[in-house]
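Trainee: Predicted model and sequence below, questions to follow.
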Amino acid sequence: MPTLALRFEAKVDRSGDHHMWMGSRKADGSGKIDIGGKSVLARRVAWELAAGPLSPGQRIRACSEPSCVRIEHLAVEGDDGGEPSARPRTRAPRGVGSKRQLRPGVWKLTVSAGTYPDGRQRRVSRTVSARNTGTAARLLAEFSAEINVSPPADTRDLSRITLDTAVEMFLTEYLQAEKGREGKTISDYRKLHLHWFSPELGRRRVQDIEQHDMDQLFGRMRVAGLSRSRMNQARSLYAPLFRWAKRRHMTTRDPMLGFQLPTSSAVSRERTPPEVEELCILLSEAVRLIPDVAPVLGLGAVTGMRRGELLAVRRSNVAWDHRQIRVEGSVSETKQVKGTKTRHERAVPIDEESLSMLRRHCEEMDARAAELGAAVDDDTFVFSLDPDCKRPMSPDYVTKRVAIRKDHLGIAEKHPETIALENAALALYRQTPSTRSGITGPAPKGGMSFQRIGEKLGRTERWAAMAVAAAERREQAQAANRGLSFDGSILALRKFTSSELLDAGFNIALVAQRQGHGAQVLIKHYSKGRKSADRRAAEHLGRVVHQR
């Protein structure tokens, strides 16, 4: 059994000026504790634990806070044979506050605690529900303790803040610092605001923005043909933004209250995952064109792991004897290792051939490290561009390398405007070289240098070089007449794994667990009907209907 002192101390909060009793209380807010089946005032126990036993006629007088058990705030009244002495009338210490009943059951609590940096008195009020005076006094004490330990409120005039400033504060101070959102999420929200909302509303005060303003801009997004998911992303930014702004007293209204997302006019294009033979083309072309990331794509095809999860695999995560990989982290866009998307770890079994592929890849990394004088241990990353494999491969690097492969296969998905610009860059590159009279330096490889192409099209020299290369790869793919039209992204590997396992008859719960998400997410986003399964379904129905 714990001693009385330990029991007592476990119920005391000594973080503030008042040492608050957090256990049971009487109606007037005084703390109480059970000792031997009897209820004893907590402040009396505090005094006796510190100064020794009291006589039956002595009482402990509390300060203005009934729940306080700090010895310096207590005093003894009365003696062994007499009546307790009258409590002197003392003024409550600064910061205790006042309470006023607004109506039955509703009280207004006000606390004064110092001054703001500009010299104004710091007075904070709160409206609470309390059945009686004792409950209101207890709530006032808790409110006073909360205010006295909290820093002074922001004295900036937030009522005149513009939407651009409010969005930046919301993204950095709230979503990133307080909620811990990923850097890519913050960046995507910022780009969305700057492109669609900032030109019209960015310089206006938050409190001046009304519902029709938001409806008008969402309507423009609809006319522009943005998808529903894109508009839903905008709603996911501005709905919590205005709630946050209202709490910060930037505005008194919420223009997103009751907002309904408009119907998207975009015609959705089904992105089907590759068939087995198409997957073989993807992987073989990866080995030929982008051998540095080909093992990443091979492992993704047999495990269905997310891109960040693939790059976060360490050698210690591979159980070679049990033929499985422990998925316990993910690599972000900034190459920081974090937890998985669902915050759950899982084990993914793999086949012997895939395990052999990983073993060969690790041996190649060991040979590279030895050649460069580096050392590789079991805690290093399986996929890395560094000689010692201490840092994981960047997700953005993998995506860019996959884009090269998609260009070579002719399955890159680009906007028509982008394709037109790239074709224009290639035409300028192939035009007849101009006379170079008076021009020094080496002649450009094409009819026009990349620098001049970029200047003519309003882009950079680097963009011009990449655009010309992309246009040439697209020409080669069209000349080869492959006729490929499947999704060749990294995400397509994950969709391929899900669809292949479900088509093969594996249990949906098993597939979802292997992929690291729930069954509903699997059905909605990752299980896609492929042409091969559709053909088998047609043959089955034909046999049943025609009794073949």
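Mentor: All right, it came through fine.
Trainee: most centrally placed residue in the chain?
Mentor: Among the residues of the chain, the one closest to the centroid is Arg181, at 3.0 Å (C-alpha atoms, centre = their mean).
Trainee: Could you measure from that residue over to Ala239?
Mentor: Distance from Arg181 to Ala239, counting by C-beta to C-beta, to the nearest Å: 15 Å. Placement of C-beta: from N, CA and C, glycine included.
Trainee: what does Gly105 give?
Mentor: 33 Å.
Trainee: wait, isn't Arg430 in contact with Asn423?
Mentor: No: contact criterion C-beta atoms under 8 Å: Arg430 and Asn423 do not qualify, at 10.6 Å.
Trainee: Between these two, tell me which one has more neighbours.
Mentor: Between Arg430 and Asn423, Asn423 has the larger neighbour count (other C-beta atoms under 10 Å), namely 16 against 13.
Trainee: Let me see the contact set for the more buried one.
Mentor: Residues near Asn423 by C-beta atoms under 8 Å, 6 or more residues apart in numbering: Ala471.
Trainee: Which secondary structure element is home to it?
Mentor: Per DSSP states H and E, Asn423 falls inside helix 416-430.
Trainee: Report the buried residues of the helix or strand that that helix is followed by.
Mentor: Next along the chain after helix 416-430, taking DSSP H and E as the criterion, comes helix 450-457. Judged by neighbour count (16 or more other C-beta atoms under 10 Å), helix 450-457 contains these buried residues: Phe450, Arg452, Ile453, Gly454, Leu457.
Trainee: Can you show me the CA trace of helix 450-457 as PDB?
Mentor: The C-alpha trace of helix 450-457 is given here as PDB (Å, rounded to 0.1, in the frame of the first residue of the first chain):
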ATOM      1  CA  PHE A 450      19.500  26.000 -75.700                       C
ATOM      2  CA  GLN A 451      19.900  29.400 -74.100                       C
ATOM      3  CA  ARG A 452      18.300  31.100 -77.100                       C
ATOM      4  CA  ILE A 453      15.500  28.500 -77.300                       C
ATOM      5  CA  GLY A 454      14.700  29.200 -73.700                       C
ATOM      6  CA  GLU A 455      14.700  33.000 -74.200                       C
ATOM      7  CA  LYS A 456      12.500  32.600 -77.300                       C
ATOM      8  CA  LEU A 457       9.900  30.400 -75.500                       C
END
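Trainee: residue ranges of the strands in the stretch 1-150 of the chain, please?
Mentor: Here the stretch 1-150 of the chain has its strands, by DSSP state E, counting those that start in this stretch, at 12-13, 20-21, 32-35, 38-41, 59-61, 75-77, 98-103, 106-115, 121-129.
Trainee: quick one, which of the ones you listed is packed in tightest?
Mentor: With neighbours defined as mean count of other C-beta atoms under 10 Å, the strands of the stretch 1-150 of the chain peak in mean count at strand 20-21, which reaches a mean of 24.
Trainee: What is that strand packed up against?
Mentor: strand 12-13, helix 133-149 (3 or more C-beta pairs under 8 Å, 6 or more residues apart in numbering; DSSP states H and E).
Trainee: Out of those, indicate the one that is most buried.
Mentor: Mean neighbour counts for those (mean count of other C-beta under 10 Å) peak at helix 133-149, with a mean of 19.
Trainee: Give me the mean pLDDT for that one.
Mentor: The pLDDT scores in helix 133-149 average 78.
Trainee: And it, what does it pack against?
Mentor: Checking 3+ C-beta pairs under 8 Å, 6+ apart, helix 133-149 ends up next to strand 20-21, strand 98-103, strand 106-115, strand 121-129.
Trainee: so where is the stretch 151-300 of the chain shaky, pLDDT-wise?
Mentor: Of all residues in the stretch 151-300 of the chain, those with pLDDT under 70 make up the ranges 151-157, 266-271.
Trainee: which residues of the stretch 351-500 of the chain score low on pLDDT?
Mentor: 433-446, 481-483.
Trainee: returning to what we had before: any chance of the strands of the stretch 1-150 of the chain in TSV, with mean pLDDT and distance to Gln260 too?
Mentor: Shown next, in TSV, are the strands of the stretch 1-150 of the chain (pLDDT from 0 to 100; distance: least, C-beta to C-beta, whole Å):
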stretch	mean pLDDT	distance to Gln260
strand 12-13	85	46
strand 20-21	86	47
strand 32-35	89	54
strand 38-41	89	57
strand 59-61	87	61
strand 75-77	84	63
strand 98-103	79	37
strand 106-115	75	35
strand 121-129	73	32
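Trainee: could those go into CSV alongside distance to Glu364?
Mentor: What follows is the strands of the stretch 1-150 of the chain, written out as CSV (distance: least, C-beta to C-beta, whole Å):
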stretch, distance to Glu364
strand 12-13, 59
strand 20-21, 64
strand 32-35, 69
strand 38-41, 75
strand 59-61, 78
strand 75-77, 80
strand 98-103, 74
strand 106-115, 66
strand 121-129, 65
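Trainee: still on that earlier bit, the residue nearest to the centre of the chain contacts Leu175, doesn't it?
Mentor: Yes: assessed by C-beta under 8 Å, Arg181 is found in contact with Leu175 at 4.5 Å.
Trainee: More neighbours: which of Gly105 and Ala239?
Mentor: For Gly105 and Ala239, the more surrounded residue by other C-beta under 10 Å is Ala239, and the numbers stand at 16 against 13.
Trainee: just checking, the more buried one touches Gly258?
Mentor: No: if you go by C-beta under 8 Å, Ala239 and Gly258 don't touch, sitting 10.7 Å apart.
Trainee: Dump the helices and strands packed on strand 20-21 into JSON lines; add distance to Asp503 as well.
Mentor: Output for those, formatted as JSON lines (distance: least, C-beta to C-beta, whole Å):
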{"stretch": "strand 12-13", "distance to Asp503": "60"}
{"stretch": "helix 133-149", "distance to Asp503": "58"}
